[in-house]
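Engineer: Sequence and predicted structure below; questions after.
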Amino acid sequence: MSMKPSLGLNLSQNLVITPQLQQAIYLLQLSTLDLQQEIQQALESNPLLELEENEDYPPAPQADPFDTSTREAQKAEALQDSAPTEMKEWDEDHLPSELPVDTAWDDVFSHDYSPPSGSGEDMGDQFERDTAGTSLADHLLWQLNLNLHNEHDRLIGETLIDSISPEGYLTEDPEVICEALRSQDPMFSDLETDEVIAVLKLVQRFDPPGIGARDLRECLLLQLEQLPADTPRLACARKLVDQYLEVLASRDYRFLLRRLKLNSEDELHEIITLIQQLNPRPGSSIESEASSYIVPDLLVSRTRHGWRVELNPETLPKLRVQPHYADLIRRADSSDTNQYLKDHYREAQWLIKSLQSRSETLLKVGSKIVEVQQDFLEKGEEYMKPMVLADIATAIEMHESTVSRATTQKYIHTPRGIFELKYFFSSHVSTAEGGEASSTAIRAMLKKLISAEPPRKPLSDSKLADLLADSGIQIARRTVAKYREAMNIPPSSERKRLR
C-alpha cells in the first residue's frame, strides 16, 4: 500500500451565529428588569447611545383584537429619519433589515454571552445590599445585644442564634451546644447545660413569638404564653397544645370535648380558632431576602371589539444615536478616531434593532396567547384551554424555542391579575365527549369542589374523581391526588372541620 498527498474539494454547510444575532437572542430571553440593567450598561459603555426622554416618541405598539396576522411593532422610524442620508447608506451596507432570532440556536448559542459592561456594577451591588431585607439572624442578634451586655452570655446567645433554622426552630440540643462551646473556648471550660438553657429562654422571648423552639408543641406554647392573660379560652388552648396536639391533628373532636370537659362544639371551635392564629414557622415572618418586583411586559384590556394587547410603554426603552456623533461620522475621514465612532455606531444600531425585534416577538406571542385563552380572561381558570408551546409556535410560524424564550420571565397584566406567559401553557386530559381539558382548569375545578365540601365529611380523592367524571372529565384517583398535592391541599382525613 502506498501513501501520497492529494488535493480534494469538499462542500459542507455549517451553522454560524454572529455576535449580533447572539445579542438579539440573549436580549429576548431576559426579563424586563434584567433588560433594563443591560440597557444601562450599554448606555455607560457606548458614548453614541442616549436615552431619549423629553421628546415625542411613537406610541407603544398594540395588536388588533384577535387579528391572526398580528401587526408587528412599529419601526423606529424616528431614529432613521433623524440620521443623515450618508449615514443611512453606510448603515444599510452593514446592517440587515431583520434579525432572525426565530431559530433553533439551542445547540450553538453560547449562554455565557454578556454585553459590554459599564461602570455601574459596584453601584448596583451596593443598591442590592442596601435594599435587602433584614435576615432572621440579624434581627435576633440586634435584640440579643440590647438585652445582654455580659460577653459570656452574649457568646452563648450568638451560638444559639447560629443554630436557629430559617423557620425559627433550634436545630441543636442545648447539651450539644454546651459541649461544643466547652471544647472551643477556654472561657466555657466550666459551662453547664443549665446556663445554655437559661440564655435560650431569654432568646425565646424575642420577636417573632415562638422563636427558638425545639419542636412544634414548644413553638405554639411560647406564642400562647405571650398572649394577654385575659384572652378567651387561653388556658384550654395551652392544655390542648401541651397534651393533645396529636389528637387535634387526627381530628378526633369527640375525644377533645371529653378531655377538655367542654359543653359544646362551639367552645372547641373557639379554642381551635385561637390555635390556628399561631404561626408554626415564626422565622418565616422575618423578611430575609430582597423584595421581588414584577413589571408586566404586556398589557391586556377589553374594548368594544374584543381584547387588545399592547406593550407596556413603561418598559419600552427609548434609545437613539446622539445626532452630534452621527454628524461627526459623516464628516470625518477614515482615521482611527472615526473608525472608533463607526464601530460604536454599529453596536448602537444593533442594540436598537435587537430591542425592536424583542418587542415584536413578545407582542406576537402574547397576542396569540390572549386569542386562544379569551375564555379564561372572561370566565376564569375553569375555562383555561389546553395549550403547549408548539401550538403557539405553529400558529405564529415561529420556532418553539423562540416561543419558550419569549414566555419565560415575561409577564402580562390582565383584568384577572398579572401572570407569567408560561402560566397559560398546560397539559391536557381527554374528556368523555372526545375533547380535551386543561390541567389548569381541572385544578380549578378541584379547588372549587373542595371549597364547597361539607366540613364534617370532606370529599375523598375517589369521590372527587367521580364528580369530575360526572362533568365529563375522566381521570384516575391518583391523578386527583397528584393535582391536590400540587395545590398544597391536605387529604380528606386532614380536612375535617367542625364548621
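Structural biologist: Nice, thanks for sending it over. Numbering: from 1, shown residues only.

Engineer: in the longest helix seen in the chain, what's buried?
Structural biologist: When the chain is parsed with DSSP state H, its longest helix is helix 336-372. Neighbour-count burial for helix 336-372 flags 341-342, 344-372 (criterion: 16 or more other C-beta atoms under 10 Å). Every residue, glycine included, has its C-beta placed from N, CA and C.

Engineer: Stretch 392-403 too?
Structural biologist: Residues 392, 393, 395, 396, 398, 399, 401, 402, 403 are the ones in stretch 392-403 that count as buried (16+ other C-beta under 10 Å).

Engineer: swap in stretch 159-175?
Structural biologist: 159, 160, 161, 163, 164, 167, 168, 169, 170, 174.

Engineer: just curious, which of those residues is nearest to residue 29?
Structural biologist: Checking the buried residues of stretch 159-175 against residue 29 by C-beta to C-beta gives residue 167 as the nearest, at 34.1 Å.

Engineer: and the gap between the residue nearest to that closest one when sequence neighbours are not counted and residue 484?
Structural biologist: Nearest residue to residue 167, sequence neighbours excluded (C-beta to C-beta, 6 or more residues apart in numbering): residue 281, at 4.3 Å. As judged by C-beta to C-beta, to the nearest Å, residue 281 and residue 484 stand 22 Å apart.

Engineer: quick one, which of these two is more surrounded?
Structural biologist: Comparing residue 281 with residue 484 by other C-beta atoms under 10 Å, the one with more neighbours is residue 484, at 19 against 15.

Engineer: Can you tell me the element the more buried one falls in?
Structural biologist: For residue 484, the host element (DSSP states H and E) is helix 477-486.

Engineer: And residue 394, by the same measure?
Structural biologist: Counting by DSSP H and E, residue 394 is found in helix 389-396.

Engineer: packing partners for that helix?
Structural biologist: helix 336-372, helix 400-407 (3 or more C-beta pairs under 8 Å, 6 or more residues apart in numbering; DSSP states H and E).

Engineer: And the last one, how far out from the chain middle?
Structural biologist: Computed by C-alpha atoms, centre = their mean, to the nearest Å, the separation of helix 400-407 from the middle of its chain amounts to 17 Å.

Engineer: now it against helix 389-396, angle please.
Structural biologist: Put simply, helix 400-407 runs at 100 degrees to helix 389-396, going by axes from the mean of the first three to the mean of the last three C-alpha atoms, to 10 degrees.

Engineer: tell me the angle helix 400-407 makes with helix 336-372.
Structural biologist: Going by the same axes, to 10 degrees, helix 400-407 makes 90 degrees with helix 336-372.

Engineer: Just the C-alpha atoms of helix 400-407, please, in CSV.
Structural biologist: Listed in CSV are the C-alpha atoms of helix 400-407, where the atom choice follows Å, rounded to 0.1, in the frame of the first residue of the first chain:
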residue,chain,number,x,y,z
GLU,A,400,-40.8,26.5,19.5
SER,A,401,-37.6,27.6,21.2
THR,A,402,-38.3,31.2,20.3
VAL,A,403,-41.7,31.0,21.9
SER,A,404,-40.1,29.4,25.0
ARG,A,405,-37.7,32.4,25.3
ALA,A,406,-40.4,34.9,24.8
THR,A,407,-42.6,33.4,27.5
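
Engineer: That helix packs against which elements?
Structural biologist: Against helix 400-407 (3+ C-beta pairs under 8 Å, 6+ apart) you get helix 19-28, helix 336-372, helix 389-396.

Engineer: Tell me the helix or strand right after that helix.
Structural biologist: strand 411-414.

Engineer: Next secondary structure element downstream of that following strand?
Structural biologist: strand 417-420.

Engineer: Just flag the most distant two among the buried residues of stretch 392-403.
Structural biologist: 395 and 401 (15.7 Å).

Engineer: My guess is residue 460 contacts residue 492. True?
Structural biologist: Yes: assessed by C-beta atoms under 8 Å, residue 460 is found in contact with residue 492 at 4.7 Å.

Engineer: Surely residue 341 is in contact with residue 327?
Structural biologist: No: the criterion here is C-beta under 8 Å, and residue 341 misses it with residue 327 at 10.4 Å.

Engineer: thinking again about what came up before, give me the average confidence score over the longest helix of the chain.
Structural biologist: Across helix 336-372, pLDDT averages out at 89.

Engineer: cool, stretch 182-200 as well?
Structural biologist: 91.

Engineer: start to end distance for that stretch?
Structural biologist: 17 Å (C-alpha to C-alpha, to the nearest Å).

Engineer: that older thread, got the helices and strands packed on helix 389-396 as CSV, with distance to residue 419 columns?
Structural biologist: Below are the helices and strands packed on helix 389-396 laid out as CSV (distance: least, C-beta to C-beta, whole Å):
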stretch, distance to residue 419
helix 336-372, 10
helix 400-407, 11
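
Engineer: Figure out which of these is closest to residue 428.
Structural biologist: Of these, the one closest to residue 428 (C-beta to C-beta) turns out to be helix 336-372, at 12.9 Å.

Engineer: how far off helix 19-28 does the closest one point, in degrees?
Structural biologist: Using the same axes, to 10 degrees, helix 336-372 lies at 40 degrees relative to helix 19-28.

Engineer: need the next SSE after helix 336-372, C-terminal direction.
Structural biologist: helix 374-379.

Engineer: So for that following helix, what gets flagged as buried?
Structural biologist: For helix 374-379, the buried set under the neighbour-count rule, 16+ other C-beta under 10 Å, comprises 374, 376, 377.

Engineer: Turn these into a markdown table, columns for distance to residue 50.
Structural biologist: Output for the buried residues of helix 374-379, formatted as a markdown table (distance: C-beta to C-beta, whole Å):
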| residue | distance to residue 50 |
| --- | --- |
| 374 | 40 |
| 376 | 41 |
| 377 | 39 |
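
Engineer: State the phi and psi torsions of residue 213.
Structural biologist: The phi/psi pair for residue 213 (degrees, to the nearest 10) reads phi -70, psi 160.
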